[in-house]
Each structure stands twice: as structure tokens, then as C-alpha cells.
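**Q** Got a sequence here, can you build the structure:
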Amino acid sequence: MNNKLIYKTKKQKEMKNLCNWLLILILIGTTACKDDNTPVELQAPVFELTNSIGQDRPVTVVPGETCQIKYLAEHINSITADNVPEGWQVNINEETTCIGITAPSASENVSKTFSLQLTAQGENRQTVTLSINFYLVTFDDPKGTFVLNEGNMTSENGSLLYITAEGYIVDNVYKRVNGTELGNVPQDMCQYNGKTYIISQNGNGNAMGTESDNDGMLVITDTRTLKKLKSYPKETLSPLDWPTHIAVIDEEHIYIRDNAGIWRMNENDASLTFIKGSEEAPKAPFAIVGRVNQRVQHYEIFLKKTSAGVKKLSFSLGLALIFFL
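**A** I've put the predicted structure just below:
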């Protein structure tokens, strides 16, 4: 009888302990479920550019140039570029937090303006949108303006600045297009038949007699893109002594004024022929007037006012080259 009572009491204790453990597990499970249902507080997305980009003017790019823009992104899941026009390329690198925008070539049908829309989606599905305006610069607009910079004649090459018709200033355009520099001390430039001619005083040398790393004494580029077509180093044009001005009638009649007088250059073979009687040509720009007549062609070069009037040279094939005095 006592043994049965002891056994029954032991069983009751075990059942009681089991019930207590079950109650504890239920409480733990209930608490865990309650914690799982507590909403996680999501942070607001942050998306902003870290480059200094003015809002009053677009980012100017030359044909084929890639512009790199850095950004800051926090609590962002994805970034997309919207409505990118044909020819333009946008590459978003989320590892380096950098956006690369590559301009198209300068074809006639390409869009010269582009408003890049960037959309960043946050962790809570909120979005942040940024807009960047781009302007593709070409160099054949008659309302555009070039500024030819000599640079330092002993220590640096020249450069070319361009001002668009809208007033946007685009610095160092020749180097941005070609990756190389103009000659030492650029003096003058002119355009003919879709090409631009730029003459430098020292070319790939300098006033100290040392060599400079550049594209030489005469550079010929495509007028629309400014892409280099031909270049002539100082050694090729060795007869020239500090050239200052240039005018072009056609590829076989390129006129260059230097300290000696006026030379005619043939673009095709780089030959130079001195024009007799031009020794007194002043250091002044050419002006091309008139039009080529297919039946009667002649050149007239007005060189210098004298007591007898204006000294004039006439010869076959072409327009009139006039020096302003």
C-alpha cells in the first residue's frame, strides 16, 4: 500500500514538472511570435551626386568623350537610368559608386542634348530621382567662337577653347578630342571645306630649342568634330621661320606668313614655295574676299601701304588675300 502511494506521488511530480516545462515553452514561443510581428524600421533612401555640377548649365561633352560622375547612395537597392536616347551610353557601377556617360559620335541625326534621369529605389520602396543635363559639343556652328591660347613659349603647349552659340565655355577642346596637344605658341587658324587649319609658331620645338611633345607646327582637323586629320612637324616645314598667319584657298594653295614673307604650301606633299615680292608682308591676319571664278582665276595679295599706294602681287588661280595694316 505504501509502495503504491509513493509511486503515485512520484508520478504526480513528474507530470507537474512536465506541465511546467510545457508552460515555459509556450510562453517562449508566444514571446518569439510577438517579436517576429514587430515591424522593422526601414531607413529613408539617400541618393545624391558628389561631383560639383552646376544646375544653371549642362555638362558639356565632346563626341565620344566619357564623363564620370560620382554619387552617394545609402539604403538603396537599385539605381536605373531612364529614357537614354540612341547613341548615348550610361554605365552605373554600384561597387565604385560611379556613373559613366559616353557621348555619341557627331553624326547629323544624333541628339545633341540629353537629360539623364536616374532613379534610385530604397529599401522601403521609396524612390529618389536625380536629373543631369548634357550637351554634345560640335565645332561647325557659325555662331560658335574659338579662342586660341598660345601658352608659355618656353614651358607649355598651346590650347584651344570653344564658346558655343548658347554661351557655354568648353576648355581645352583639342586635347579632349584627340588626347594630344597643339604645337608650342599657336598663332592663327582658319577653315576651308570642312577642315580647320591651326598654325603654331614653334611647332614641336620651343624658344629654348628643346623638343615639345605635341602635334607639330601645322595641324588639320575635321571642322565638325575637331578630330585630327593631318599634322606636320617642324622638321617637315623647316623653311618656315616663326609663322604667324594662315589662309586657305584649296589643298594646293595654303598661304602662310612668317618672318621671311609669304609661302604657298601644298597640303598633299607638304611642299613650300616662297612668293617672290612678299618680303615686306606685315605681321597681320589674312582676309579672303571674293569667290573663285571658273573661267578667270587669279590671286591678289595686298601687302603694304607705300608712298606710291598699296603694293600688290597678282598671280594665277584664286581669290584675293588681303593684309590688314
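**Q** In contact with Ser111, which residues?
**A** Contacts here follow CB atoms under 8 Å, 6 or more residues apart in numbering; on that basis Ser111 touches 85-88, 104, 136. For glycine as for every other residue, the C-beta is placed from the backbone atoms N, C-alpha and C.
**Q** Quick check: the two most widely separated of the residues you listed?
**A** Glu86 and Leu136 (12.6 Å; CB to CB).
**Q** got any residues that touch both of those two?
**A** Contacts common to Glu86 and Leu136, judged by CB under 8 Å, 6+ apart, are 104, 110-111.
**Q** related to what we said a few turns ago, looking at Glu86 and Leu136, which one has more neighbours?
**A** Neighbours per residue, other CB atoms under 10 Å: of Glu86 and Leu136, the larger number sits with Leu136, 22 against 8.
**Q** surely that one meets Val110?
**A** Yes: using CB atoms under 8 Å, Leu136 is in contact with Val110, at 7.0 Å.
**Q** which is the next helix or strand following the host helix or strand of Cys67?
**A** Using DSSP states H and E, Cys67 sits in strand 66-74. The helix or strand immediately downstream of strand 66-74 is strand 76-82, counting by DSSP H and E.
**Q** for the helix or strand following that following strand, packing partners?
**A** Next helix or strand after strand 76-82 toward the C-terminus (DSSP H and E): strand 89-93. Contacts defined by 3 or more CB pairs under 8 Å, 6 or more residues apart in numbering; DSSP states H and E place strand 89-93 against strand 76-82, strand 98-102.
**Q** Now tabulate the shared contacts of Glu86 and Leu136 in TSV and tack on distance to Phe47.
**A** Shown next, in TSV, are the shared contacts of Glu86 and Leu136 (distance: CB to CB, whole Å):
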residue	distance to Phe47
Pro104	26
Val110	29
Ser111	25
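**Q** so which of the residues you listed would you say is closest to Thr210?
**A** Nearest to Thr210 among those, counting by CB to CB, is Pro104 at 39.8 Å.
**Q** looking at the helices and strands packed on strand 89-93, which is buried most?
**A** strand 98-102 (a mean of 18; mean count of other CB atoms under 10 Å).
**Q** so after that one, what's the next helix or strand?
**A** strand 113-122.
**Q** So which residues make contact with that next one?
**A** 42-45, 47, 58, 73, 75-85, 88, 90, 92, 99, 101, 127-136.
**Q** which residues touch Lys230?
**A** Lys230 neighbours (CB under 8 Å, 6+ apart): 219-220, 267.
**Q** hmm, back to that, return the set of buried residues in the strand holding Cys67.
**A** 67, 69, 71, 73 (16 or more other CB atoms under 10 Å).
**Q** The last one against Glu94, yeah?
**A** Going back to what we said before, that points to Ala73. Yes: judged on CB under 8 Å, Ala73 makes contact with Glu94 at a distance of 7.4 Å.
**Q** got any residues that touch both of these two?
**A** With CB under 8 Å, 6+ apart as the test, Ala73 and Glu94 both reach Ile79.
**Q** Just the CA atoms of the helix or strand harbouring Val219, as PDB, please.
**A** Taking DSSP H and E as the definition, one finds Val219 inside strand 218-222. Provided in PDB are the C-alpha atoms of strand 218-222 (Å, rounded to 0.1, in the frame of the first residue of the first chain):
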ATOM      1  CA  LEU A 218      50.500  72.700 -88.600                       C
ATOM      2  CA  VAL A 219      47.500  70.700 -87.600                       C
ATOM      3  CA  ILE A 220      44.500  70.000 -89.900                       C
ATOM      4  CA  THR A 221      41.300  68.800 -88.200                       C
ATOM      5  CA  ASP A 222      37.700  67.900 -89.100                       C
END
